[in-house]
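K.L.:
what would the 3D arrangement of this be:
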Amino acid sequence: MGVISAIGNTVAENRLALSEARCGISALTLFATKYADSRPCGEIKLSTDDLSLQLNANEPGITRTSLLALHAFEEAIRDGQLSPAQLTDADTALIGGTTVGGMCLTDELYQDAQQIESGSEYINSYDCSSVTMYLQQRYKMNGIINTINTACSSAANAIMYGARLIKAGLAKRAIVGGVDSLAKFTINGFNALHILSPEICTPFDEGRKGLNLGEGAAFIILEKEEVVGNKKLYAEITGYYNSNDAYHPSSLSDAGDGPFLAMNGALQTARLSPGSIGFINAHGTGTENNDLVESRAMLKLFNQPPPFASTKSNVGHTLGAAGAIEAVYSILNLHHQEIYPGLNCKTPISETNLKPVDRYKKISLQHVMSNSFGFGGNCTSLIFSKC
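P.N.:
This is a model prediction of the structure:
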């Protein structure tokens, strides 16, 4: 696994910050926007130039999004002990999820759109698949390559797609994950929807005021059991399911149909009963609609919902990267038999009275569920199980 977020530049740094209940959401310092002081975000405190230097990635037209992806990708392949030959093998797939991609360069995109002649060095970076293609070209990968954009469930769907490729015999391993960087495109867009909080977000709190955007990347290496060999194993992916409630472009149905179907479908794929789930990494954006609807869906599916929390109170909502970052966190839950506290929930939602875990604890876990619910009703749930 590999991850970079507002609370750490490695898997180990992220785990330590989560266990210490640290929040990486703050005023913006590296990103030029008029909302820098009024809309806190989960910003990675590494400049784009510093990332480029650290990664020895100075190709013309490379964006911050691609650099964050490269950072997490390199940690994952080191941790997974993948050789150059395995990376270029046709049996190695690469599936990435993103929402913004190279459109993090919103001003440059606008200026390029006005050009009659040739545009800037970033002209090839605006395509949604530019990040995945950059990794493919840098590592000369020859397997199945795909980019998924299903809003906030993009990376979760990338993980599901990679697992299904392996199960179908179309790949022996799949490097799966997602990335998004902060951009005017998303800050202005979410602000126009009136769902950005002027304060640090409070998922599942009665007085929640909205979400905080974040940036980050994570990749996970899935391998077929018979080719893993003696490598370190963190977990097994046993359940996955995608549903679509087709209710509204930016809201989930009031009854929680999409989240319920996704969670229930993942349980069926894993052949598990609801009572088998020991912890849920909830989508938990901190918005009025999401938290109430997700709570209703949990109450509908589980007789007694298991412990749950949202790590978006630590890193913000990282959009297309969220499903992968939170999958890493869910796997850490299993691997270390521990759960991390959700932050800032003081008064549970009155209608459902569900309160997230509020302190770090060691706990016996066999199965962890990770939820990712996107715009347009794109709802995905993943289940990771102890090896």
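K.L.:
what sits against Leu18?
P.N.:
The contact partners of Leu18, taken as Cβ atoms under 8 Å, 6 or more residues apart in numbering, are 7, 311, 314, 329, 332, 340. The way it works is simple: take the backbone N, C-alpha and C, and place the C-beta from them, glycine included.
K.L.:
quick check: the first one touching Gly316?
P.N.:
In other words, Ile7. No: at 9.8 Å, Ile7 does not count as touching Gly316 under the criterion of Cβ atoms under 8 Å.
K.L.:
touching both of the two, which residues are there?
P.N.:
The contact sets of Ile7 and Gly316 overlap at 24, 42 (Cβ under 8 Å, 6+ apart).
K.L.:
show me what Gly214 bridges to in the sheet.
P.N.:
Applying DSSP bridges to Gly214 yields these beta-bridge partners: Gly42.
K.L.:
check what pLDDT it gets.
P.N.:
If you check Gly214, the pLDDT there is 98.
K.L.:
who's more crowded, Ile7 and Gly316?
P.N.:
Applying other Cβ atoms under 10 Å to Ile7 and Gly316 shows that Gly316 carries more neighbours, namely 31 against 25.
K.L.:
correct me if wrong: the more buried one contacts Pro203.
P.N.:
No: if you go by Cβ under 8 Å, Gly316 and Pro203 don't touch, sitting 11.1 Å apart.
K.L.:
list the contacts for the residue nearest in space to the middle of the chain?
P.N.:
In the chain, the C-alpha nearest the mean C-alpha coordinate belongs to Ala322, at 1.7 Å (Cα atoms, centre = their mean). For Ala322, the contacting residues are 152, 155-156, 178, 283, 312, 372, by Cβ under 8 Å, 6+ apart.
K.L.:
run through the neighbouring helices and strands of the helix or strand of the chain with the lowest mean pLDDT.
P.N.:
The helix or strand of the chain with the poorest confidence is helix 106-113; it has a mean of 79 (mean pLDDT, DSSP states H and E). The contact analysis (3 or more Cβ pairs under 8 Å, 6 or more residues apart in numbering; DSSP states H and E) places helix 106-113 against helix 184-192.
K.L.:
buried ones in the helix it packs on?
P.N.:
184-187, 190-191 (16 or more other Cβ atoms under 10 Å).
K.L.:
which residues in this protein form helices?
P.N.:
11-19, 48-55, 64-79, 84-88, 106-113, 130-139, 154-167, 184-192, 225-228, 257-270, 288-301, 312-315, 322-336 (DSSP state H).
K.L.:
if you compare those helices, which one is most tucked away?
P.N.:
helix 312-315 (a mean of 29; mean count of other Cβ atoms under 10 Å).
K.L.:
pLDDT weak spots in this protein?
P.N.:
Across the chain, the ranges flagged by pLDDT under 70 are 116.
K.L.:
returning to what we had before: quick one, the least confident helix or strand of the chain and helix 184-192 angle?
P.N.:
Per axes from the mean of the first three to the mean of the last three Cα atoms, to 10 degrees, the angle that helix 106-113 makes with helix 184-192 is 110 degrees.
K.L.:
can you dump the C-alpha atoms of helix 106-113 in PDB for me?
P.N.:
C-alpha atoms of helix 106-113 as PDB (Å, rounded to 0.1, in the frame of the first residue of the first chain):
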ATOM      1  CA  THR A 106      -8.100  25.600 -13.700                       C
ATOM      2  CA  ASP A 107      -6.700  28.900 -14.800                       C
ATOM      3  CA  GLU A 108      -4.300  27.300 -17.200                       C
ATOM      4  CA  LEU A 109      -7.100  25.300 -18.700                       C
ATOM      5  CA  TYR A 110      -9.200  28.400 -19.200                       C
ATOM      6  CA  GLN A 111      -6.200  30.200 -20.900                       C
ATOM      7  CA  ASP A 112      -5.500  27.200 -23.100                       C
ATOM      8  CA  ALA A 113      -9.100  27.100 -24.200                       C
END
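K.L.:
what lies in contact with that helix?
P.N.:
By Cβ under 8 Å, 6+ apart, the residues outside helix 106-113 that reach it are 103, 119-120, 122-123, 126, 183-185.
K.L.:
quick one: which of the residues you listed has the most company?
P.N.:
Ala183 (27 neighbours).
K.L.:
wait, doesn't that residue sit right on Val100?
P.N.:
Yes: using Cβ under 8 Å, Ala183 makes contact with Val100 at a distance of 5.0 Å.
K.L.:
check contacts around the closest residue to Cys152 other than its chain neighbours.
P.N.:
Nearest-residue entry for Cys152: Gly374, 3.9 Å, with adjacent residues in sequence omitted and distances by Cβ to Cβ, 6 or more residues apart in numbering. Gly374 sits next to 150-154, 380 when contact means Cβ under 8 Å, 6+ apart.
K.L.:
by neighbours, which of the residues you listed wins?
P.N.:
Most surrounded of those: other Cβ under 10 Å gives Ser153, at 35 neighbours.
K.L.:
contact partners for it?
P.N.:
So Ser153 contacts 242, 323, 372-374, 378-380 (Cβ under 8 Å, 6+ apart).
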